[in-house]
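Enquirer: Pasting the sequence and the predicted coordinates here, then a few questions.
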2 protein chains.
Amino acid sequence: MTVGDLTERELIARIQQRLAPAPAWMIVGIGDDAAVVQPERNQVDALTVDAIVDGIHFDRAFVPPEAIGHRALAVNLSDLAAMGAAPRVALLSMALPACVPLQEFDGIIDGLAALAVRHHVHVAGGNLTRTPGPLTLDVTALGALKRRQTLTRAGACPGDEVYVSGAIGAAAAGLARLRAVDPHRLTPDDRHLTAAYLWPEPRVRLGTLLGRNRAATSCVDLSDGLADGVHQIAQASGVGLRIEADALPIDEAARGILAADGADPVAAAVAGGDDYELLFTVRPRTRGRLRAAIRHAGTPLTRIGVCTDDRQVVLVRTTGTEPMPSGYTHFR
Amino acid sequence: MTVGDLTERELIARIQQRLAPAPAWMIVGIGDDAAVVQPERNQVDALTVDAIVDGIHFDRAFVPPEAIGHRALAVNLSDLAAMGAAPRVALLSMALPACVPLQEFDGIIDGLAALAVRHHVHVAGGNLTRTPGPLTLDVTALGALKRRQTLTRAGACPGDEVYVSGAIGAAAAGLARLRAVDPHRLTPDDRHLTAAYLWPEPRVRLGTLLGRNRAATSCVDLSDGLADGVHQIAQASGVGLRIEADALPIDEAARGILAADGADPVAAAVAGGDDYELLFTVRPRTRGRLRAAIRHAGTPLTRIGVCTDDRQVVLVRTTGTEPMPSGYTHFR
């Protein structure tokens, strides 16, 4: 059985069966022309949308359906976390080739639903369309935050310290292993790396903590890699950033994979996307506020550099200082 | 020049140049990890997402770029209108083949931006991704409404009268003409019909009026055709509906096109989608409230039938009563 054997209504019913019951603040859920949501009192709405496309952001050949659904929601929760918003609602818009097996469809929904439950997100609606092209998942996420706790990319000042959560490079290395290795021959290190790629954990708790205790002056998520994130903060805040290569928390198992064929593992780790960590800046005199975040966020935080007033974005190595790679590529 | 010659950042800048400036209630707009919006005081949020795919919902071969952008937003504003919500914010997620000419990209944004301005909608963010598949536009729209004014599909009672706005069948006939006729040889009637297909006008004003004066007991938009809308209200409200074929406001010019090759124009008009009119039910004793809606909505409203307690959905013709076509098809 494929999705092409069912009607749109039957597919929507399958999705509804796989979701948690609607919370009290959902006034109208799936099945009407729009969802209706009671906003959080005295809070503002954060809204984001992100799409993942088969062959571009994942590959159905080696990414299990549950991981596809997980990723579609995780990338959006990561965006909300970078604003300091607590996620509440998601809408799922899927463009489905008719040949997608029903079992794969169900797996995608299960993966998305499992992550939604863990973060108290309610899937309130969406859209299904067929497509002659690749499987595409477009998720919109709505979060809530206090207006004065909004974290943007634009608040960094010269002298602020630069931090990153977790480790970088593991997702890029995991993707390389998934492409290269028979899944039955993965080593324990491979399994750690491939899990980092397949099951990115959005830093929802850290993001809301940073917003609430106003520890961070700016914040961005690393969906497009650390180099891109550093440039985003530099441009939005009008500062420079000096990043210390030796301080970067590059995943140990990833380092070997990224250095294969004589490549530079630092360059590969800062360019590699899919890490979904948070990059943020902290004023040195309010550094104490970070302690609570460190205690409760469940992820290590590493100081990797400092903001400067010269608007240069550089990577400092033992061999010298070099421009941070831009990470921008043409749209092909 | 095609979109593939630019970076994602350059394409986003082109979009921003084409949009109206952000209103005061937009706290964070395009260019951060998420948009941040101040909700309307004492109102609730309505949220909807709808995708249009080249080759499925439109055809780049004969739909101009501005009409593609218009349609992507219009289908969502129509969904908000059916809930009684006033639109405020839209997010645009585009999956772009690299070969799309820049001029076409600009035209799509211009068409979307023009409709947004007319309805006071602010495009607050979105997503761009390349795709090996067809051009796909996914728009999320956020609207505001008073909780007790929410219009759903579920409030119709036996005895309620059934109304439809505007005319039906014109969009389906217009699409047939666009497919059949050299664009330089369109008659005036053809131009009226093709405009109905290319530039659907979401009934935003009517929807908010129906919500505010509580004239309607249920409401749905006709994006999937009148037959589908009638079934949606029947199922959600647990009623039957008797629709009078002779009362249906079938567009006069469309009737001839839809009857070509001996087809039944009534069956074609109730099955045809893309009309984006509102179908709604009214309790006879509150019918007076409709007058204000009729005066201010700028569109004719036609009584086409009545709700019944037998749960049957039927089309009444001079030749007899028949089941309303279901309109459901498999997902291919």
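Expert: On my side now, so go ahead.
Enquirer: Where does pLDDT dip in the stretch 151-300 of chain A?
Expert: For the stretch 151-300 of chain A, no stretch is flagged by pLDDT under 70.
Enquirer: if we go to 90?
Expert: A:181-184, A:213, A:215, A:223-224, A:259-263, A:272-274, A:286-299 (pLDDT under 90).
Enquirer: in stretch A:162-182, what counts as buried?
Expert: If you call a residue buried by 16 or more other C-beta atoms under 10 Å in any protein chain shown, then stretch A:162-182 has these buried ones: A:162-178. C-beta coordinates here come from the backbone N, C-alpha and C atoms, glycine included.
Enquirer: Give me the subset of the residues you listed lying in strands.
Expert: A:162, A:163, A:164, A:165 (DSSP state E).
Enquirer: Report the separation between the second one and residue A:248.
Expert: When C-beta to C-beta, to the nearest Å is applied, the distance between residue A:163 and residue A:248 equals 12 Å.
Enquirer: What of the last one?
Expert: From residue A:165 over to residue A:248 the distance is 13 Å, taken as C-beta to C-beta.
Enquirer: which of the ones in strands among the buried residues of stretch A:162-182 lies closest to chain B?
Expert: residue A:165 (14.3 Å; C-beta to the nearest C-beta).
Enquirer: thought the closest one was touching residue A:301?
Expert: Yes: between residue A:165 and residue A:301 a contact is recorded at 5.6 Å, counting by C-beta atoms under 8 Å.
Enquirer: Quick check: neighbours shared by residue A:165 and residue A:248?
Expert: Here residue A:165 and residue A:248 share the contacting residues residue A:302, scored by C-beta atoms under 8 Å, 6 or more residues apart in numbering or on different chains.
Enquirer: Can you list the buried residues in stretch A:291-305?
Expert: For stretch A:291-305, using 16+ other C-beta under 10 Å, the buried residues are A:293, A:294, A:297, A:301, A:304, A:305.
Enquirer: What's the per-residue pLDDT of the fifth one here?
Expert: Looking at residue A:304, its pLDDT reads 98.
Enquirer: what's near enough to touch residue A:292?
Expert: Per C-beta under 8 Å, 6+ apart, neighbours of residue A:292: A:209, A:213, A:215.
Enquirer: Not counting sequence-adjacent ones, nearest residue to the residue in the stretch 51-200 of chain A that chain B sits nearest to?
Expert: Relative to chain B, the nearest point of the stretch 51-200 of chain A is residue A:133 (1.7 Å; C-beta to the nearest C-beta). Nearest residue to residue A:133, sequence neighbours excluded (C-beta to C-beta, 6 or more residues apart in numbering or on different chains): residue B:133, at 1.7 Å.
Enquirer: related to what we said a few turns ago, who touches both of residue A:165 and residue A:301?
Expert: What both residue A:165 and residue A:301 touch, as defined by C-beta under 8 Å, 6+ apart, is the set residue A:206.
Enquirer: any chance you could map the helices in chain A?
Expert: With helices called from DSSP state H, chain A shows them at A:8-17, A:65-83, A:102-118, A:170-180, A:188-198, A:204-212, A:226-237, A:252-258, A:265-271, A:288-297.
Enquirer: now for the fourth one, which elements pack on it?
Expert: When contacts are defined as 3 or more C-beta pairs under 8 Å, 6 or more residues apart in numbering or on different chains; DSSP states H and E, helix A:170-180 packs onto helix A:188-198, helix A:252-258, helix A:265-271.
Enquirer: so what does the first one touch, helix or strand wise?
Expert: Translated: helix A:188-198. Looks like helix A:188-198 contacts helix A:65-83, helix A:170-180, helix A:252-258 (3+ C-beta pairs under 8 Å, 6+ apart).
Enquirer: Go through those and pick out the most buried.
Expert: Mean neighbour count (mean count of other C-beta atoms under 10 Å in any protein chain shown) peaks for helix A:65-83 among the helices and strands packed on helix A:188-198, with a mean of 27.
Enquirer: anything in that one near chain B?
Expert: Yes: using C-beta under 8 Å from any C-beta of the partner chain, helix A:65-83 reaches chain B at A:78, A:79, A:80, A:82, A:83.
Enquirer: Please tell me how far that helix is from the chain's geometric centre.
Expert: 6 Å (C-alpha atoms, centre = their mean, to the nearest Å).
Enquirer: ok, residue A:163 touching residue A:284?
Expert: No: Residue A:163 sits out of contact with residue A:284 when judged by C-beta under 8 Å, with a separation of 11.7 Å.
Enquirer: got the end-to-end distance for stretch A:292-305?
Expert: End-to-end distance for stretch A:292-305: 21 Å, by C-alpha to C-alpha, to the nearest Å.
Enquirer: Can you give me the separation between the closest residue in space to residue A:198 that isn't next to it in sequence and residue B:127?
Expert: Spatially, and ignoring its direct neighbours in sequence, residue A:198 is nearest to residue A:67 (4.2 Å; C-beta to C-beta, 6+ apart). Residue A:67 sits 20 Å away from residue B:127, going by C-beta to C-beta.
Enquirer: can you check residue A:326 too?
Expert: 20 Å.
Enquirer: Can you point out the buried residues in stretch A:116-124?
Expert: A:116, A:119, A:121, A:122, A:123, A:124.
Enquirer: Contacting chain B as well, which ones from those residues?
Expert: residue A:124.
Enquirer: Closest to residue A:196 out of the buried residues of stretch A:116-124?
Expert: residue A:119 (18.5 Å; C-beta to C-beta).
Enquirer: for residue A:130, which residues make a bridge with it?
Expert: Beta-bridge pairing for residue A:130 (DSSP bridges): residue A:96.
Enquirer: What are the neighbouring residues in contact with it?
Expert: A:4, A:95, A:96, A:97, A:98, B:53, B:56, B:331, B:332.
Enquirer: Mind telling me the two of these farthest from one another?
Expert: Maximum distance among the contacts of residue A:130 (C-beta to C-beta): 15.2 Å, for A:4 and B:53.
Enquirer: The two - which one has more neighbours?
Expert: residue B:53 (21 against 16; other C-beta atoms under 10 Å in any protein chain shown).
Enquirer: residues in contact with residue A:286?
Expert: If you count contacts by C-beta under 8 Å, 6+ apart, residue A:286 has them with A:214, A:215.
Enquirer: mind redoing it with 7 Å?
Expert: residue A:215 (C-beta atoms under 7 Å, 6 or more residues apart in numbering or on different chains).
Enquirer: neighbours around residue A:10, how many?
Expert: By other C-beta under 10 Å, the burial measure for residue A:10, its neighbour count, is 14.
Enquirer: Grab the nearest non-local neighbour of residue A:126.
Expert: residue A:92 (3.8 Å).
Enquirer: Tell me the spacing between the one you found and residue A:49.
Expert: 11 Å.
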